[in-house]
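**Student:** structure, please.
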Amino acid sequence: MQLNQGKFEYNGSCGFLLKPDFMRRRDRTFDPFSESPVDGVIAAHCSVQVISGQFLSDKKIGTYVEVDMYGLPTDTIRKEFRTKAVPNNGLNPVYNQEPFVFRKVVLPDLAVLRIGVYEETGKLIGQRILPLDGLQAGYRHISLRTEGNFPLSLPTVFCRFVLKTYVPEELGDWVDRLSAPLNYVSQAEKRAQQMKDMGIDENDISDVPLSSKTTKGKEKETAHNTTSVSSQRLNSHSSSTGITGSSREGQTATSSSSHLAFEPIRSELLYTEKLYIRLLKKQQKEVEAMRKKHVKERSQMQRQHCTVVDNLVAAHDKEKIQQEKVLEKAIRKKGESECNDLKVVTEVQIQTLVNGHKGRVKELVSCQTKEWSEMVSRQISEEHELHKDHIIHQCDLLKKLMEESQQSQIKELEQRQAKENKDLEATQARQSYEATQTLQRDKSIKNKAEKDRRMREKNDMNMKKFLDERKRLSITHSRQVEALKKIHAMQLENLVKDNQQEKEMAEMVYEEAKMASKPETVC
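**Tutor:** The predicted structure follows:
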């Protein structure tokens, strides 16, 4: 009830109070249990110093003051901040307490401060609810109210309020530099002069943050540097050499993501593979076996043709010799003068026999030429089919070898990316451990609840940062895989084109051989 009435005091206890803008918009989602800042809302930093009290009681009693914060679950802080008790002074006790710091108020629009004054026995003297969005910084006298929120005439509490915008610890040094640029420049110049006097070059040493909080600054700078290592590793693999395609499209694919340290898979490299060399040897043996077979066929046909021709010539010569012998017998019996007519007849018969023999020889040569040419053409066709089959097997094997090489590259890339993920996880774990140890050693945090709250906030911040880093790394990895697959597709396409050109060249050579072929005879 006190919180409700105190909140509506800001509106004069009448009318309506609008919800914050992000709660009225349908395109926004609101999680009241989230400890991270709401989108579009700037978190606040509030500090309250209780200085003294006036007219708290007319009795000589001891008093103390409690300062609580109410709001979202992450903003609510109760029973943690209280002043020391001032005994026997209820009129004008002086507390001079160290400021109570509310480091991070995620949603200032819904947060309220409660200042309560109590007797040493725990009895409430007065209280006041102050909406944080209506609070003004500076020194203020706070009029108190009763437990039922009725005004008290005299009791007041003198406090000092400091309201700032919340700045994360890792950005504190930058805010200090921006808020006091002249001081930062003077410190930088002084540092540079000191280093120059000592003869030290700034390029030879790492940057050191120039802030008064040297220890914390160094720890933050170290954590920041270790965080950036994981992202730098993504681009540390081959800054100048990478897989280059045969066209500008491949170069664009490689430049779209970080360069990949993989050798391009060229045909010359595939020709040196053992499987390919073994296939070439096997095919060479098949070619030699076919050539031996063809030579044997040619020899057999040549012998057959020669035998037929020899038999034909022998039969012709035998008939011719018989005719001549008949003529010689007749001349020996009757005399040469009596055998002139027989001689003429015999010469005519011999001439007829020769002419017939020439015709048969010509016909036989024509048949043999046709048979020989058909055999040569068939052998050329067989050699072409074998060569064509060899080219197909070579192309298939080259394609298979290229795919295996590409798969090995993808596997190697995945292993490299897995190592990067593992290194990033190790770096993040080390950063989380260092942040936890830093908070544990921070002696300025004396309250366990504040330390636990700082620990949760640090863990949430680290979790968000780590998830963002892993998401960026995952995106980079996916781009690397896509670029590598694109280059592999181009390499495979080029290999297919080369294989097709080789097949077309073999067909062209075969057609030229067919066109250049002419009838052949056996010598």
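
**Student:** what's the spacing between L110 and P73?
**Tutor:** From L110 across to P73, the span is 11 Å (C-beta to C-beta, to the nearest Å). The way it works is simple: take the backbone N, C-alpha and C, and place the C-beta from them, glycine included.

**Student:** more crowded one of the two?
**Tutor:** Between L110 and P73, counted using other C-beta atoms under 10 Å, the more crowded position is L110 (20 against 10).

**Student:** what residue, apart from its backbone neighbours, is nearest the more buried one spatially?
**Tutor:** Closest residue to L110 apart from its sequence neighbours, by C-beta to C-beta, 6 or more residues apart in numbering: G71 at 5.0 Å.

**Student:** who's in contact with that neighbour?
**Tutor:** Neighbouring residues of G71 by C-beta atoms under 8 Å, 6 or more residues apart in numbering: 105-107, 110-112, 132.

**Student:** in this protein, spot the strand with the most residues.
**Tutor:** Criterion DSSP state E: the longest strand present in the chain is strand 151-165.

**Student:** just checking, what packs against it?
**Tutor:** strand 44-54, strand 112-119, strand 124-131, strand 138-145 (3 or more C-beta pairs under 8 Å, 6 or more residues apart in numbering; DSSP states H and E).

**Student:** next one: it to chain centre, how far?
**Tutor:** Counting by C-alpha atoms, centre = their mean, to the nearest Å, strand 151-165 is centred 57 Å from the centre of its parent chain.

**Student:** next helix or strand past that strand?
**Tutor:** helix 172-179 (DSSP states H and E).

**Student:** now do that following helix against strand 151-165, angle only.
**Tutor:** Helix 172-179 and strand 151-165 are oriented at 90 degrees to each other (axes from the mean of the first three to the mean of the last three C-alpha atoms, to 10 degrees).

**Student:** ok, then the element right after helix 172-179?
**Tutor:** Sequence-wise, the next helix or strand beyond helix 172-179 is helix 181-197, with elements assigned using DSSP H and E.

**Student:** what about that following helix, distance to the chain center?
**Tutor:** Centre-to-centre, helix 181-197 and its host chain are 42 Å apart (C-alpha atoms, centre = their mean).

**Student:** just give me how far stretch 81-94 sits from the chain centre.
**Tutor:** Centre-to-centre, stretch 81-94 and its host chain are 64 Å apart (C-alpha atoms, centre = their mean).

**Student:** and the gap between the residue nearest to L110 and H477?
**Tutor:** Separation of G71 from H477 (C-beta to C-beta): 41 Å.

**Student:** got it, and M195?
**Tutor:** For M195, the distance to H477 equals 41 Å [C-beta to C-beta].

**Student:** looking at the two, which has the bigger crowd around it?
**Tutor:** Higher neighbour count among M195 and H477: H477, with 20 against 14, using other C-beta under 10 Å.

**Student:** contacting residues for the more buried one?
**Tutor:** Counting by C-beta under 8 Å, 6+ apart, H477 has contacts 417, 420.

**Student:** that one - that's part of a helix, no?
**Tutor:** Yes - residue state for H477 (DSSP: H, G, I helix; E, B strand; the rest coil) corresponds to a helix.

**Student:** residue ranges in this structure under the pLDDT threshold?
**Tutor:** Low-confidence regions of the chain, defined by pLDDT under 70, span residues 10-11, 201-260, 334-339, 518-523.

**Student:** now do 50
**Tutor:** 206-258 (pLDDT under 50).

**Student:** longest helix of it?
**Tutor:** The helix spanning the most residues in the chain, taking DSSP state H as the definition, is helix 340-441.

**Student:** helices or strands next to that helix in the packing?
**Tutor:** Applying 3+ C-beta pairs under 8 Å, 6+ apart, one finds that helix 340-441 contacts helix 214-233, helix 267-271, helix 274-334, helix 448-516.

**Student:** relative to strand 138-145, how tilted is the longest strand of the chain?
**Tutor:** Orientation check (the same axes, to 10 degrees): strand 151-165 against strand 138-145 gives 140 degrees.

**Student:** just the CA atoms of strand 151-165, as PDB, please.
**Tutor:** Output of strand 151-165 as PDB, limited to C-alpha atoms (Å, rounded to 0.1, in the frame of the first residue of the first chain):
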ATOM      1  CA  PRO A 151       2.300  13.200   6.500                       C
ATOM      2  CA  LEU A 152       4.300  13.900   9.600                       C
ATOM      3  CA  SER A 153       4.800  17.600  10.200                       C
ATOM      4  CA  LEU A 154       8.400  17.900  11.500                       C
ATOM      5  CA  PRO A 155      10.500  14.700  10.900                       C
ATOM      6  CA  THR A 156      12.800  15.000   7.900                       C
ATOM      7  CA  VAL A 157      15.900  13.200   6.700                       C
ATOM      8  CA  PHE A 158      18.700  15.100   5.000                       C
ATOM      9  CA  CYS A 159      20.200  13.100   2.100                       C
ATOM     10  CA  ARG A 160      22.300  13.500  -1.000                       C
ATOM     11  CA  PHE A 161      21.200  11.900  -4.200                       C
ATOM     12  CA  VAL A 162      23.400  11.100  -7.200                       C
ATOM     13  CA  LEU A 163      21.700   9.900 -10.400                       C
ATOM     14  CA  LYS A 164      23.700   8.800 -13.400                       C
ATOM     15  CA  THR A 165      23.400   6.700 -16.400                       C
END
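
**Student:** L312: neighbour count?
**Tutor:** 14.

**Student:** correct me if wrong: it contacts E363.
**Tutor:** No - if you go by C-beta atoms under 8 Å, L312 and E363 don't touch, sitting 10.1 Å apart.

**Student:** would you mind saying which of the helices and strands packed on strand 151-165 lies nearest V496?
**Tutor:** Judged by C-beta to C-beta, the one of the helices and strands packed on strand 151-165 that comes nearest to V496 is strand 44-54, at 65.2 Å.
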